[in-house]
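Chemist: fold the following.
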Amino acid sequence: MNGLIVNNILNINGVDCDLDRPDSLSWLEASAEPHLAELSAFLRQWADDGEYLIQKTSGSTGSPKLLKVRRSQMLHSARITIEFFRLGQGMTALLCMSPAFIGGRMMVIRALVAGMKLVVVKPEESPLVHLNQKIDFAAMVPFQFSRTIKENPEKFAFVDKLILGGGPVSKLLEDQAQNIKTEVWHTYGMSETLSHIALRPINGPGRSVRFRLLPGISLRFDDRSCLVIDAPHLNEETLITNDLGRIYPDGTFEIIGRADNVIVSAGHKIHVEKLERQIAAFLDTPFIISSLPDNEAGEVVVLVIGESLSPRRLFELWKMLESALDKKDLPRRMITMDQIPLTGSGKPDRQSIREKLAAKP
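Modeler: Predicted coordinates for the structure are as follows:
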């Protein structure tokens, strides 16, 4: 290794893995579980000791793409999180997110840098169902948190600190978080910033709707009122986001909404234009894909149709979409309007449609 971390040994599910010895990862590769194979692939990439690593984005601000990121930047991101949460040698970190994406990968790097033991479980909807040991630090998407607090709330007794990223957190979910002793934080960040750059506590006496930036990071607005991130230790480039926000004089900020056409539902990114192209094969009347807030998933996909359809036609359409679309992309509601509202330039007025949906009982 290149000396940027002291310890090359990572304890994974009780097994010490020496990253300088590729054969010590063979048990991960031999597993039939895809997430363990992904973890092995990432650790081998990390052990290659190059200056750069290839990272796939989650697609929040457009189609997924490959990023070339510096090893030193990932280490810096890990260290500022470790310092913020006071993580250290011998503590336990839970990996219950995919190691193919930045959220899961940064949990691995934090464990390496801090000398924590890594507990790896399947990245499923309710990942704590079989947990029976103490966890000092964990990360989930809000949908996982929602499912767990509904189905296995007693499991949070094992978890000391938890960060939530990858989507919005509803007020109902925040209210439910008040009933557990786990310290829960909502994060703000993206693949390009190598995980989060800001956090806000969503339970306990310090509960807040405002994010606070981590050290060395600054924010400003562009001419769309979207946030622009300057984080030189994490990315050499200034990052222009599609997130509409509000910045306060003390440097804290809120996220108001998204300026692009991506819906985040249960941690899954749904590209509106792509989904509309798929649905167009089954529907020859004007329509648009929109969304509604949802207490569990953050947002749910809504198919808005610009004319009245009979119940039978709606049912037939639903069955066709159910067989043709990925389950995660499938609209959860179908709503008809007399016509699709248009902007002055003749394009669908997505903001107006969202407002109309929100106003419906």
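
Chemist: report pLDDT for residue 45.
Modeler: We have a pLDDT of 88 for residue 45.

Chemist: all strands for the stretch 51-200 of the chain, in order.
Modeler: 52-56, 66-70, 92-95, 117-120, 135-140, 159-164, 183-190, 195-201 (DSSP state E, counting those that start in this stretch).

Chemist: for residue 298, find the nearest of those strands.
Modeler: Among the strands of the stretch 51-200 of the chain, strand 159-164 comes nearest to residue 298, with 10.2 Å by Cβ to Cβ. In short, each C-beta sits where N, CA and C put it, glycine included.

Chemist: okay, now the unreliable bits of the stretch 1-150 of the chain?
Modeler: Counting by pLDDT under 70, the ranges of the stretch 1-150 of the chain that qualify are 1-7, 58-64.

Chemist: just to revisit the earlier point, turn the strands of the stretch 51-200 of the chain into CSV, columns for distance to residue 311 and mean neighbour count.
Modeler: Shown next, in CSV, are the strands of the stretch 51-200 of the chain (distance: least, Cβ to Cβ, whole Å; neighbours: other Cβ atoms under 10 Å):
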stretch, distance to residue 311, mean neighbour count
strand 52-56, 42, 15
strand 66-70, 46, 14
strand 92-95, 46, 23
strand 117-120, 47, 20
strand 135-140, 39, 24
strand 159-164, 39, 22
strand 183-190, 40, 23
strand 195-201, 44, 22
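
Chemist: now render the ones you listed as JSON lines, adding distance to residue 235.
Modeler: Listed next are the strands of the stretch 51-200 of the chain as JSON lines, based on distance: least, Cβ to Cβ, whole Å:
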{"stretch": "strand 52-56", "distance to residue 235": "11"}
{"stretch": "strand 66-70", "distance to residue 235": "8"}
{"stretch": "strand 92-95", "distance to residue 235": "24"}
{"stretch": "strand 117-120", "distance to residue 235": "26"}
{"stretch": "strand 135-140", "distance to residue 235": "20"}
{"stretch": "strand 159-164", "distance to residue 235": "20"}
{"stretch": "strand 183-190", "distance to residue 235": "10"}
{"stretch": "strand 195-201", "distance to residue 235": "10"}
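
Chemist: right, and those - which one's nearest residue 27?
Modeler: Closest to residue 27 of the strands of the stretch 51-200 of the chain, according to Cβ to Cβ: strand 117-120, at 11.8 Å.

Chemist: quick one: contacts for residue 126?
Modeler: Under the criterion of Cβ atoms under 8 Å, 6 or more residues apart in numbering, the contact list for residue 126 reads 144, 147, 148, 151, 152.

Chemist: just to check, the first one is in contact with residue 127?
Modeler: Yes. Distance between residue 144 and residue 127: 5.7 Å, which falls inside the contact criterion (Cβ atoms under 8 Å).

Chemist: common neighbours of the two, please.
Modeler: residue 96.

Chemist: name the SS class of residue 357, please.
Modeler: helix (DSSP: H, G, I helix; E, B strand; the rest coil).

Chemist: skip the chain neighbours and tell me the closest residue to it.
Modeler: residue 292 (5.5 Å; Cβ to Cβ, 6 or more residues apart in numbering).

Chemist: the helix or strand containing residue 246 to strand 183-190, inter-axis angle?
Modeler: Using DSSP states H and E, residue 246 maps to strand 239-247. Relative orientation of strand 239-247 and strand 183-190, computed by axes from the mean of the first three to the mean of the last three Cα atoms, to 10 degrees: 130 degrees.

Chemist: can you show me the helices along the stretch 251-361 of the chain?
Modeler: 272-279, 311-324, 350-359 (DSSP state H, counting those that start in this stretch).

Chemist: how does the protein divide up, domain by domain?
Modeler: 9-258, 262-359 (automatic domain parsing).

Chemist: and the closest residue to residue 242 other than its chain neighbours, how far from residue 254?
Modeler: Counting by Cβ to Cβ, 6+ apart, residue 242 lies nearest to residue 260, which is 3.8 Å off, once chain neighbours are set aside. Note on residue 260: its distance to residue 254, by Cβ to Cβ, to the nearest Å, is 18 Å.

Chemist: picking up where we left off before, which of the domains of the chain sits most buried?
Modeler: Neighbour counts (mean count of other Cβ atoms under 10 Å) averaged over each of the domains of the chain peak at domain 9-258, with a mean of 18.

Chemist: relative to the whole chain's centre, how far out is it?
Modeler: Computed by Cα atoms, centre = their mean, to the nearest Å, the chain-centroid distance of domain 9-258 equals 8 Å.

Chemist: that one: end-to-end distance?
Modeler: Length of domain 9-258, first residue to last, Cα to Cα, to the nearest Å: 41 Å.

Chemist: who are the contact partners of residue 159?
Modeler: By Cβ under 8 Å, 6+ apart, the neighbours of residue 159 are 94, 128, 131, 135, 138, 182.

Chemist: tell me the contacts of the nearest residue to residue 209 once chain neighbours are set aside?
Modeler: In this structure, residue 209 finds its nearest non-sequential neighbour in residue 254, 6.0 Å apart by Cβ to Cβ, 6+ apart. Counting by Cβ under 8 Å, 6+ apart, residue 254 makes contact with 209, 210, 211, 245, 246.
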